[in-house]
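Colleague: okay, sequence plus prediction incoming.
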Amino acid sequence: MNCTLLKPHVSSIGYAIFLVINAAQIWGGIFPFLPKDFQTDEVTLTFYLSQTFSFCAAFIASTLGSYYFPKQARRMLVTLSTAMVFSGSSCIIAAMYLPVYTLLFILAGGVFLGVGTAGLFMLWQRYFSSIPSEACNYRLALGTVFASVCYFALYAVPTALTAFLVPLVFLPICALCLSLSVREMTFDQPMFEDIPQEHPQVYLQLLKDSRADALCVGAIAFSSGLARGVAIVNPAVSDVVNSASMTGSLIAGLILLALWLTSSVRFGLRTIFRTVYPIIITGLLLFPFMHHAGLSLFAGLTYMTFSLILLIMMMQCAQTSRDRGTNPVFAYGFFGSVAYVMQSVGFLLGWFANDVAIFGVEQVTLLSLIAAYVLGMALLTSTGSFAGQATPESASQIEFTATNARSKEKASTIPERNAGKTRKPKKAIASDGHVITDRLSKQCLVVKAQYGLSSRETEVMELIARGRSMVAIAEDLFISENTVRTHCKHIYGKLDIHSRQELSDLVSNTEL
């Protein structure tokens, strides 16, 4: 591992400040640092509806736009997105001082903030997708930890000052950090040069492989939306939502940093979903017995989980774009569209449940039942139990490579253990999801461990070693030929070779 990666990068600082801006103004559809008497039900509901509609619309439009107008992916509209967020913040401040036009300013502020923050999310996603996975994962996790610390520090600042601090100080710093980060982007990568309509099967396969993961994200988002609907009219719950969101981000960031530094591990959204599912479902069963405290615990748990899922979603979408050479906005826009549409539906149900009693069931019991049902359906779908065979998780996963020599040695011994056993003639699966079919597959795993190749690069290397052409490899892996060439370039660079023959000789001469 390059030790320079451990140094804080301007992108981590910029992304942290962006998360603080997002949390301080629109997280949960509430305003943690604005006067409570200003946050009437009418003001909060108007803001939420305008903000969430424009936010969801921006994600959907980005997904479609990246497919039909791919050249726009090369344009980094930092100034425009920043100006929209600044305008939204200004409208919210104006609404406090011009009560006659409060709702009009709130409506405009919601639209500007919704579109502007969605735009900044897309810009950060493009940047993190364009850099190597090792740097991407570290900077995202580190930025998330920084954001949580900065957010809680804002509670030490007078509320009246914070409303102006965000647009006048934090936002310009975020825009500056993003602009500096953009300068190091390399736009001659397949993900930016790709023209989706030339090979739609690649994008259709991406959607097919990602639908189970997107449903898992959507189920968590739906549950957080239920909590959001409660928070609109319950100040006690609204405070919990904001604190729990950033606490969840802090815990998630610290865990991922620890894994990044110490472990060799592969995981994805479905892995995380199945890990947290028992915890969430246990909480949902217990909360109805806690009455009013149950509502706060329900909101806190769902938003903590949602914060974790959002971080993993960014990492996985970036990895998908690198592996497949697809437009980074397309995958992230698809996941975001599913997540935030589901969250909006959850909000409407949660808000509706505030004033309606169904069969005499208490509010927290009703919300827990609805959330448990949606989460259960997502679990069945993700495991393939509900509608046929699930997509293998190895299709797109995040990969952390251990930074110590002992982990590398452990990884390189996997093929030897498999080779020493007599089994029936069937395909074996390595711990990283690589399918072992023969001696060559095992040799490729050893090369991967020795030279630090990614799982996708290992797949491409094995196919090259087997004599497959560029066109055949692209068809086998559902990626474009441009993407295959890029992977070949990275493989040759890591192995310090210059031809297919050298690659074939290196793999075949590798000892098990």
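Modeller: Sure thing, it's come through.

Colleague: from here on, just use CA atoms for contacts and neighbour counts.
Modeller: OK.

Colleague: for Ile272, give me its contacts.
Modeller: Residues near Ile272 by CA atoms under 8 Å, 6 or more residues apart in numbering: Ile309.

Colleague: what does Gly116 give?
Modeller: Shown in contact with Gly116 (CA under 8 Å, 6+ apart): 80-85.

Colleague: give me the buried entries from those residues.
Modeller: Among the contacts of Gly116, those classed as buried by 16 or more other CA atoms under 10 Å are 81-85.

Colleague: just the strands in this structure please.
Modeller: Secondary structure of the chain by DSSP state E: the strands cover 265-267, 398-400, 428-429, 435-436.

Colleague: who are the packing partners of the first one?
Modeller: With contacts defined as 3 or more CA pairs under 8 Å, 6 or more residues apart in numbering; DSSP states H and E, strand 265-267 has these neighbours: strand 398-400.

Colleague: now do the strand it packs on: distance to the chain's middle.
Modeller: Here strand 398-400 shows a centroid-to-chain-centroid distance of 13 Å under the convention CA atoms, centre = their mean, to the nearest Å.

Colleague: buried sites along that strand?
Modeller: 398-400.

Colleague: on that earlier part again, among the buried ones among the contacts of Gly116, which pair sits farthest apart?
Modeller: Taking CA to CA, the two most distant members of the buried ones among the contacts of Gly116 are Ser81 and Val85; they sit 6.4 Å apart.

Colleague: common neighbours of these two, please.
Modeller: Joint contacts of Ser81 and Val85 (CA under 8 Å, 6+ apart) are 115-117.

Colleague: which one is Phe47 nearest to, not counting chain neighbours?
Modeller: Nearest residue to Phe47, sequence neighbours excluded (CA to CA, 6 or more residues apart in numbering): Gly110, at 5.1 Å.

Colleague: measure that neighbour to Asp213 for me?
Modeller: 29 Å (CA to CA, to the nearest Å).

Colleague: then Glu184?
Modeller: Counting by CA to CA, the gap from Glu184 to Asp213 is 31 Å.

Colleague: likewise Leu120?
Modeller: 23 Å.

Colleague: now do the helices in the stretch 151-300 of the chain.
Modeller: 159-165, 171-182, 190-193, 200-233, 235-262, 269-286, 292-324 (DSSP state H, counting those that start in this stretch).

Colleague: again, but for the stretch 1-150 of the chain
Modeller: Assigned by DSSP H, counting those that start in this stretch, the helices in the stretch 1-150 of the chain fall at 10-25, 41-68, 78-97, 102-130, 133-153.

Colleague: and the angle for the second one with helix 78-97?
Modeller: Between the axis of helix 41-68 and that of helix 78-97 there is an angle of 170 degrees, by axes from the mean of the first three to the mean of the last three CA atoms, to 10 degrees.

Colleague: in helix 41-68, what's buried?
Modeller: 43-63, 65-67.

Colleague: repeat for stretch 169-183
Modeller: By neighbour count on 16+ other CA under 10 Å, the buried set for stretch 169-183 is 170-179, 181-182.

Colleague: chain center to it, what's the gap?
Modeller: Centre to centre, stretch against its chain (CA atoms, centre = their mean), the figure for stretch 169-183 is 21 Å.

Colleague: in the stretch 201-350 of the chain, where is pLDDT below threshold?
Modeller: For the stretch 201-350 of the chain, the stretches flagged by pLDDT under 70 are 233, 235, 291-292.

Colleague: what's the closest non-adjacent residue to the residue nearest the centre of the chain?
Modeller: Centroid-nearest residue in the chain, with CA atoms, centre = their mean: Met313, separated by 2.0 Å. Excluding its sequence neighbours, the residue lying closest to Met313 (CA to CA, 6+ apart) is Leu269, at 6.8 Å.

Colleague: got a list of what the one you found touches?
Modeller: So Leu269 contacts 213, 216-217, 309, 312-313, 316, 397 (CA under 8 Å, 6+ apart).

Colleague: how far away is Asp209 from Thr40?
Modeller: Per CA to CA, Asp209 is found 43 Å from Thr40.

Colleague: next: Met185.
Modeller: 44 Å.

Colleague: for Ala371, same thing?
Modeller: When Ala371 is compared with Thr40 (using CA to CA), they lie 27 Å apart.

Colleague: about what we covered before: more neighbours: Met185 and Thr40, which one.
Modeller: Comparing Met185 with Thr40 by neighbour count (other CA atoms under 10 Å), the higher total belongs to Met185, at 15 against 12.

Colleague: just the pLDDT at the closest residue to that one other than its chain neighbours, thanks.
Modeller: Once flanking residues are discounted, Met185 sits nearest to Ser130: 6.2 Å by CA to CA, 6+ apart. Ser130 is assigned 91 on the pLDDT scale.

Colleague: which ones are touching Ser130?
Modeller: 185-187, 189, 318, 322.

Colleague: which stretches of the stretch 1-150 of the chain have low pLDDT?
Modeller: If you take pLDDT under 70 as the line, the stretch 1-150 of the chain has these spans: 1-5, 26-33, 72-74, 76.

Colleague: 50 instead, please
Modeller: 28-29 (pLDDT under 50).

Colleague: isn't Phe298 right next to Thr282, touching?
Modeller: No. Counting by CA atoms under 8 Å, Phe298 does not reach Thr282; the two are 10.9 Å apart.

Colleague: neighbour-wise, which of these two wins?
Modeller: The neighbour comparison of Phe298 against Thr282 (other CA under 10 Å) goes to Phe298, with 27 against 11.

Colleague: run a quick neighbour tally on the closest residue to Thr483 other than its chain neighbours.
Modeller: Spatial nearest neighbour of Thr483, chain neighbours left out: Gly325 (5.1 Å); criterion: CA to CA, 6+ apart. By other CA under 10 Å, 24 other residues sit near Gly325.

Colleague: and Gly325, what does it touch?
Modeller: Contacts for Gly325 (CA under 8 Å, 6+ apart) come out as 189-191, 194, 479-480, 482-483.

Colleague: hmm, try it at 6 Å
Modeller: 190-191, 483 (CA atoms under 6 Å, 6 or more residues apart in numbering).

Colleague: what sits closest to Leu154 if chain neighbours are left out?
Modeller: Distances taken as CA to CA, 6+ apart put Thr162 closest to Leu154, at 7.3 Å, once the chain neighbours are dropped.

Colleague: before we move on, what about His490?
Modeller: Glu457 (7.9 Å).

Colleague: roughly how far apart are that neighbour and Leu506?
Modeller: In this view, Glu457 and Leu506 are 15 Å apart by CA to CA.

Colleague: could you do Leu308 as well?
Modeller: 41 Å.

Colleague: who's more crowded, those two?
Modeller: Per other CA under 10 Å, whichever of Leu308 and Leu506 has more neighbours is Leu308, with 25 against 16.

Colleague: the residue lying closest to that one once chain neighbours are set aside: neighbour count?
Modeller: Nearest in space to Leu308, with sequence neighbours left out and distances taken as CA to CA, 6+ apart, is Ala252 at 5.5 Å. By other CA under 10 Å, 22 other residues sit near Ala252.

Colleague: same deal with Ile232?
Modeller: By other CA under 10 Å, neighbour count at Ile232 equals 25.

Colleague: quick one, helices of the stretch 301-450 of the chain?
Modeller: So, for the stretch 301-450 of the chain - with DSSP H, counting those that start in this stretch - the helices run 328-352, 363-383, 405-412, 414-419, 439-451.

Colleague: helix 200-233 and the longest one, what's the angle between them?
Modeller: Our comparison of helix 328-352 with helix 200-233, counting by the same axes, to 10 degrees, yields an angle of 30 degrees.

Colleague: elements contacting helix 328-352?
Modeller: For helix 328-352, the packing partners by 3 or more CA pairs under 6 Å, 6 or more residues apart in numbering; DSSP states H and E come out as helix 41-68, helix 200-233, helix 292-324.

Colleague: buried stuff in the second one?
Modeller: Right, the one you point to is helix 200-233. Per 16+ other CA under 10 Å, helix 200-233 contains these buried residues: 202-203, 206-207, 209-233.
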